[in-house]
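J.: A predicted structure for the sequence below; I have some questions about it.
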Number of protein chains: 2
Amino acid sequence: MSPSKSAVVLLSGGLDSATTAAIAMADGYTVHALSVDYGQRHRFELESARRVAEALQVAEHRVLSIDLAALGGSALTDDLDVPQDRSSEAMAEGIPVTYVPARNTILLSLALGYAEVLGVADLFLGVNAIDYSGYPDCRPEFLRAFEQVANLATKAGVEGTLRFRIHAPLVAMTKAEIIRRGLELGVDYGLTHTCYTPDDGGISCGRCDACQLRRQGFAEAGQVDPIPYLVD
Amino acid sequence: MSPSKSAVVLLSGGLDSATTAAIAMADGYTVHALSVDYGQRHRFELESARRVAEALQVAEHRVLSIDLAALGGSALTDDLDVPQDRSSEAMAEGIPVTYVPARNTILLSLALGYAEVLGVADLFLGVNAIDYSGYPDCRPEFLRAFEQVANLATKAGVEGTLRFRIHAPLVAMTKAEIIRRGLELGVDYGLTHTCYTPDDGGISCGRCDACQLRRQGFAEAGQVDPIPYLVD
């Protein structure tokens, strides 16, 4: 565990990215957290990101704004309806309307720019290909292809001063495994925000895909989810 | 020339991207132009992008804002000095301080998101690997790697409804060749903006690398550059 090891961690304020940041720290990285305000409906996430960053005592936390809603095309940034009360089978089918076009490519590009400025080679993001296989940009083959882009696109990559690596420690974990690991590392899931359609006070609906996956994960892990929900 | 062929063109307002947009139109594409206000010092570019988009009568022109200056690390967004009066030899050496970390990766990611929303498979950008070989993200190997990412990252790519292609028609052209081609296509270079360090009225310095390359290009093409400069 070298004191000079640093990483950029994409921190959304959700359960997965909070766990990812804790894992990076447990692996000995000094964490520079990056959150992106991309016009998502569930902006309580960003407040959660701030609280998680503070609780984990990361070295630095930056928030970048970009109005992806101006491009349209997703239930997370548009006026499209977010699905609720879907069965596990329905959630496993196809790519949901909550997919934000090119989101992880955009987020990783920004993380890459930040990492190059800092002189940091390691990028962490909390994608997960098992419980949420519907998003194409959560798959290992996407992450490997982006790693190649990172090393071709940058001054540091081309000059060989940095060899960029994309870390997705949760990619093959179930939600229950993620929660168990996070609790071992002391993550306070009461600070995290998961819901796509919270009420005006930020209380989670309990019915969107994200809430359902979270609640199933806590149930499977045999743990109590510390956040309140609008429905039981 | 199919009337339904559409493309997203990254339009900075500079000479290269204006020519690229004109080439896309000449190739029969309906052009959706995307400009990004990334906190660049030379924001007169964006005004030029608007004028160029209007002159070319593109189908649509969107401007996205993102504050890359918040990440730092470039003479184009920071308080670093932009080099002036450099010799051709000096310009050919290494990667200049005007390099913006991960810029083209970020711009292409945004263009990709926009293209997916529109249902458009073809992305154009005006990078050029000959006169400006110093930027790693202007090279064909970077563009090929990004094309792979695009097809792995997106719903449309994974579902096979779109096969994304990155077009960089200027990549192997000299500045003089670009200018000749643009003039053939009727591009009004008087509307474009190239300078990294214009004065308060937007007049080009004539001394930064970008101005020097432009002026050499016009000279080699045997054409008169229609824009004024602060120095002869």
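T.: It's in.

J.: tell me what the longest helix along chain A is packed against?
T.: Secondary structure of chain A per DSSP state H: the longest helix is helix A:103-118. The elements that helix A:103-118 packs onto, with contact taken as 3 or more C-beta pairs under 8 Å, 6 or more residues apart in numbering or on different chains; DSSP states H and E, are strand A:6-10, strand A:30-37, strand A:122-124, helix A:140-153, helix B:103-118, helix B:140-153. The C-beta positions use only the backbone N, C-alpha and C, and glycine is treated the same way.

J.: For the third one, what is the distance to the chain centroid?
T.: Taking the mean of its C-alpha atoms, strand A:122-124 sits 12 Å from the chain's own mean (C-alpha atoms, centre = their mean, to the nearest Å).

J.: How about the fifth one?
T.: With C-alpha atoms, centre = their mean as the basis, helix B:103-118 stands 13 Å off its chain's centre.

J.: got the angle between it and strand B:6-10?
T.: Relative orientation of helix B:103-118 versus strand B:6-10 (axes from the mean of the first three to the mean of the last three C-alpha atoms, to 10 degrees): 150 degrees.

J.: and what of the fourth one?
T.: Between the direction of helix A:140-153 and that of strand B:6-10, the angle (the same axes, to 10 degrees) works out to 40 degrees.

J.: Which is the succeeding secondary structure element to helix A:140-153?
T.: Following helix A:140-153 in sequence order, the next helix or strand is helix A:155-159 (DSSP states H and E).

J.: Buried residues of that following helix, list them for me.
T.: For helix A:155-159, a neighbour-count test (16 or more other C-beta atoms under 10 Å in any protein chain shown) marks A:K155, A:A156, A:G157, A:V158 as buried.

J.: The closest residue to A:A26 other than its chain neighbours: neighbouring residues, count only.
T.: Residue nearest to A:A26 in three dimensions, not counting chain neighbours: A:L185, with 5.5 Å by C-beta to C-beta, 6 or more residues apart in numbering or on different chains. Using other C-beta atoms under 10 Å in any protein chain shown, A:L185 has 15 other residues around it.

J.: Contact partners for A:K155?
T.: Applying C-beta atoms under 8 Å, 6 or more residues apart in numbering or on different chains to A:K155 gives the contacts A:E116, B:I95, B:Y99, B:P101, B:P136.

J.: Now distance to A:R180, secondary structure and pLDDT too, for the residues you listed, in CSV please.
T.: Listed next are the contacts of A:K155 as CSV, based on distance: C-beta to C-beta, whole Å; DSSP: H, G, I helix; E, B strand; the rest coil; pLDDT from 0 to 100:
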residue, distance to A:R180, secondary structure, pLDDT
A:E116, 34, helix, 90
B:I95, 45, coil, 65
B:Y99, 44, coil, 71
B:P101, 37, coil, 82
B:P136, 41, helix, 85
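
J.: any idea which of those residues is the one closest to B:V82?
T.: B:Y99 (11.6 Å; C-beta to C-beta).

J.: isn't the closest one right next to B:C138, touching?
T.: No: using C-beta atoms under 8 Å as the test, B:Y99 is too far from B:C138 to be in contact (10.2 Å).

J.: Kind regards, and thank you for your time.
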